[in-house]
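# just to be clear, the model below is a prediction. Sequence and coordinates:
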Amino acid sequence: MLTCVIVVPNFKYVEKHLWFLLDNPKGIFMSNSKFECEIMDWNLFYNLSKILVKKINNFNYKPNIIIGLARGGWVLARILCDFLGVKDLISLAVEHWGITATPDGKAKLKYPFNLDLKGKRVLVVDDITDTGESMQIAIDYIKSLNPDEIKTATLRNIKGSKFVPDYIAEEITWRWVIFPWNFTEDACNLISQILNHKETGVNIKQIKYKLKQNFKIVVEENIIKEILGELKRREASKSLDMN
């Protein structure tokens, strides 16, 4: 017999996340999952970006190259180039998350580059540190390219992440953040989960209700209609690719 003991400091945390531990022993969200999401708009993103820049400036760090982790960190990296006056911007693709809120497995570099970063003060940027694996694997790789200094920055950090960046705009408890540059993709995945249940059907009002009930987000009916159209287009495109 296998006995497991979970030691936690806060009962409210268990109460809130027990469904996850029971339904997802491997930490992978199933198609019938219910989990909290947050839709971040462009205004909040921009305001958090300014907070992040202020913290970087307060520590007087002056990067001369920014590396944005693709895909999530790319938009923020470009904004930070503007705020900090940095001309050199590089993309480094690190994959970890697949379908919305579902990790593919261990983080891995997809397209490593071969550059000599000697003499460079590097700022590595991602949108959020959740498990922290994407940032850690990026740092380990960039160190091999001999930069003078490396600092890290994210818009948000999830409490409990194994990797805590040097600069963060905001620390939050776990929820799936739907960033403005990823809204369509995440909305497609969430609505697809809802449509997997036969009793739901393609009923826009019911989909709106389920999005709020299952994921704590409010999406207007006209947007849901657009997403349904996009799902249909993607399915047709997938069929063409298979032929």
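The structure has been received and is ready for your questions. The model shown is predicted, which means the values in this text are computed figures rather than measured ones. Residues are numbered from 1 along each chain as shown.
# identify each buried residue in stretch 165-181, please.
Within stretch 165-181, the residues scored as buried using 16 or more other CB atoms under 10 Å are Pro165, Tyr167, Ile168, Ala169, Trp174, Trp176, Val177, Ile178, Phe179, Trp181. No exception for glycine: its C-beta is placed from N, CA and C like everyone else's.
# from those, which land in strands?
If you go by DSSP state E, the buried residues of stretch 165-181 have Tyr167, Ile168, Ala169, Trp176, Val177, Ile178 in strands.
# closest one to Lys238 out of the residues you listed, please.
The nearest member of those to Lys238, counting by CB to CB, is Ile178 at 22.6 Å.
# and the lengthiest helix in the chain, what's its mean pLDDT?
Secondary structure of the chain read by DSSP state H shows that its longest helix is helix 221-242. Averaging pLDDT along helix 221-242 yields 86.
# got it, and stretch 47-66?
Mean pLDDT, stretch 47-66: 98.
# next: stretch 146-162.
Across stretch 146-162, pLDDT averages out at 96.
# gap between it and the chain center?
14 Å (CA atoms, centre = their mean, to the nearest Å).
# restrict it to CA atoms and write it as CSV.
C-alpha atoms of stretch 146-162 as CSV (Å, rounded to 0.1, in the frame of the first residue of the first chain):
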residue,chain,number,x,y,z
ASN,A,146,29.9,34.3,-22.6
PRO,A,147,27.9,37.5,-21.8
ASP,A,148,29.4,39.9,-19.2
GLU,A,149,26.2,40.0,-17.2
ILE,A,150,22.7,38.4,-17.3
LYS,A,151,19.5,39.8,-15.6
THR,A,152,16.0,38.5,-16.0
ALA,A,153,12.6,40.2,-16.1
THR,A,154,9.0,39.2,-16.3
LEU,A,155,5.7,40.9,-16.2
ARG,A,156,4.4,38.5,-13.6
ASN,A,157,5.8,35.8,-11.3
ILE,A,158,3.6,33.0,-9.9
LYS,A,159,4.2,32.6,-6.2
GLY,A,160,6.1,29.3,-5.6
SER,A,161,7.9,29.4,-9.0
LYS,A,162,11.3,27.6,-8.7
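# not counting sequence-adjacent ones, nearest residue to Lys55?
Tyr167 (4.9 Å; CB to CB, 6 or more residues apart in numbering).
# didn't that neighbour look like it was pressed against Thr152?
Yes: using CB atoms under 8 Å, Tyr167 makes contact with Thr152 at a distance of 7.2 Å.
# what residue ranges in this protein score low on pLDDT?
1-32, 96-106, 197-202, 239-243 (pLDDT under 70).
# all strands of it, in order?
Along the chain, counting by DSSP E, strands occupy 37-39, 65-70, 89-97, 103-109, 121-129, 149-158, 167-172, 176-178.
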